[in-house]
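Trainee: generate coordinates for the sequence data below:
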Amino acid sequence: MIQESVSAGTRPGQHFRNFSVRLSPTPRGARLARLLTAEQLRSWGVPVDPAGQIVAELAANAVTHGRVAGRDFRLTLYVIAHTLRIEVTDTAGDRPPRPRHPGPDAESESGRGLFLVEALADRWGWGPELRPRKTVWAEVALPPDDVQGRHGS
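Mentor: Next up, the predicted model:
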């Protein structure tokens with residue numbers, strides 16, 4: 001199920017937009033999260049990068065570390081004033097996200113996703129939701145020109 005809303009605040013230039021979708025906890029669902037993010041941000045006139053990469057990392061974590069068979073993960077995007085907030089909610093609330101330091105000889109890129117999120121986002125964190133869920137979030141500051149209501153204002 002996809003939900004989208006756009007509303008203007010009480011002052012010019014103050015906007016709230018959101019988009020939310022439930023996706024299967026599979027590699028295909030993670031790829032779809034990134035594609036949907038890119039399309040949604042373009043439709044809002046918001047830069048795709050670095051948000052696309054952040055979503056790719058958080059969605060990959062949700063399907064790799066937060067997967068519980070038969071339970072979807074949720075991607076939610078918010079634009080509030082000049083901030084893009086990305087949230088990925090999975091159903092493994094008992095497994096908090098932990099950045100892992102891969103060794104220098106590590107053959108795999110695995111474990112570096114949260115370090116990448118930390119580098120790309122202005123802020124990030126996580127919080128528990130109703131059991132058994134958790135939400136990992138990241139925020140990216142947007143230039144004022146990118147959220148001046150190109151669509152629907």
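Trainee: please name the nearest non-neighbouring residue to T135.
Mentor: Closest residue to T135 in three dimensions, ignoring its sequence neighbours and counting by Cβ to Cβ, 6 or more residues apart in numbering: T89, at 4.4 Å. For every residue, glycine as well, the C-beta is placed using N, CA and C.
Trainee: right, and the helix or strand after the helix or strand encompassing the one you found?
Mentor: T89 is part of strand 83-90 when elements are defined by DSSP states H and E. Proceeding C-terminally, strand 83-90 gives way to helix 113-120 as the next helix or strand, assigned by DSSP H and E.
Trainee: in that following helix, what counts as buried?
Mentor: Neighbour counts using 16 or more other Cβ atoms under 10 Å place 113-114, 116-117, 120 of helix 113-120 among the buried residues.
Trainee: and what of stretch 38-48?
Mentor: Using 16+ other Cβ under 10 Å, the residues of stretch 38-48 that count as buried are 40-41, 44, 46.
Trainee: in JSON lines, list these along with pLDDT.
Mentor: As requested, those are arranged in JSON lines below (pLDDT from 0 to 100):
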{"residue": "Q40", "pLDDT": "97"}
{"residue": "L41", "pLDDT": "96"}
{"residue": "W44", "pLDDT": "93"}
{"residue": "V46", "pLDDT": "93"}
